[in-house]
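Turn this into a structure:
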Amino acid sequence: MSTFLLPWLLFLLLGDDQPQASQPEQAQLILYREKEFISGMGKGYAFKINEEKMGKLSPNRYVQLAVNPGRIKLEFDSNYLSDSRPLWLRVQAGQTYYVKAVVEIDFLSTTIVMAPVEPQKAQQELSRMKPEYTQKVKEPD
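Reported below is the predicted structural model:
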């Protein structure tokens with residue numbers, strides 16, 4: 001009995017020597033929006049990554065999100081009076097990507113456009129902003 005029990009206990013204590021599959025490293029996405037005089041009038045807009053609602057972004061705020069490597073689609077919610085042009089990015093693990101959102105207001109419509117920004121310029125602009133504490137937007141019941 002002890003001959004059987006000792007190897008079993010050693011196996012449990014020392015564990016399995018097989019390497020565990022670790023979760024792939026993610027990329028960092030920083031989405032920001034500068035303070036606007038009239039555009040958007042302080043309103044926060046809901047945004048999605050790969051069709052999944054992630055939160056809202058207000059003027060003079062930024063969000064930092066971990067995203068899986070690969071191609072991602074970033075867009076703001078659209079409705080009758082507002083439109084968003086999606087931005088497609090190919091992101092690599094361990095890299096940080098900066099995206100600036102700008103609200104453009106026409107006579108009766110609002111358009112949110114986004115563009116990637118160089119890290120040095122983005123960091124200068126981000127130094128004047130506060131983080132937006134977002135939680136995933138809940139779907140209506």
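
Which elements pack onto the top strand by length along the chain?
Criterion DSSP state E: the longest strand present in the chain is strand 96-105. Applying 3 or more CB pairs under 8 Å, 6 or more residues apart in numbering; DSSP states H and E, one finds that strand 96-105 contacts strand 27-33, strand 45-49, strand 87-91, strand 110-117, helix 119-126. C-beta here means a position set from N, CA and C on the backbone, and glycine is covered the same way.

Over that strand, what's the mean pLDDT, rounded is fine.
The average pLDDT within strand 96-105 is 92.

Report whether the expected contact of Tyr32 with Ala101 is present.
Yes: the criterion here is CB atoms under 8 Å, and Tyr32 meets it with Ala101 at 7.0 Å.

what's the offset of the longest strand of the chain from the middle of its chain?
In terms of CA atoms, centre = their mean, to the nearest Å, the centre of strand 96-105 is set 12 Å apart from its chain centre.

relative orientation of it and strand 45-49 in degrees?
140 degrees (axes from the mean of the first three to the mean of the last three CA atoms, to 10 degrees).

quick one: strands adjacent to strand 96-105?
Strand pairing for strand 96-105, determined by DSSP bridges: strand 27-33 (parallel), strand 110-117 (antiparallel).

between those, which one is nearest to Ser82?
Ranking the strands paired with strand 96-105 by proximity to Ser82 (CB to CB) places strand 110-117 first, at 4.2 Å.

Let me see the contact set for Glu36.
If a contact means CB atoms under 8 Å, 6 or more residues apart in numbering, then Glu36 has 59, 103 as its contacts.

right, and the secondary structure at it would be what?
Classification of Glu36 using DSSP: H, G, I helix; E, B strand; the rest coil returns coil.

Skip the chain neighbours and tell me the closest residue to the spatially most central residue of the chain.
Nearest residue to the geometric centre of the chain (CA atoms, centre = their mean): Leu65, 3.4 Å. Leaving out its chain neighbours, the residue that sits closest to Leu65 by CB to CB, 6 or more residues apart in numbering is Leu29, at 4.9 Å.

The one you found: how many residues sit nearby?
With neighbours defined by other CB atoms under 10 Å, the count for Leu29 comes to 21.

Next: the one 3 residues further on.
With neighbours defined by other CB under 10 Å, the count for Tyr32 comes to 22.
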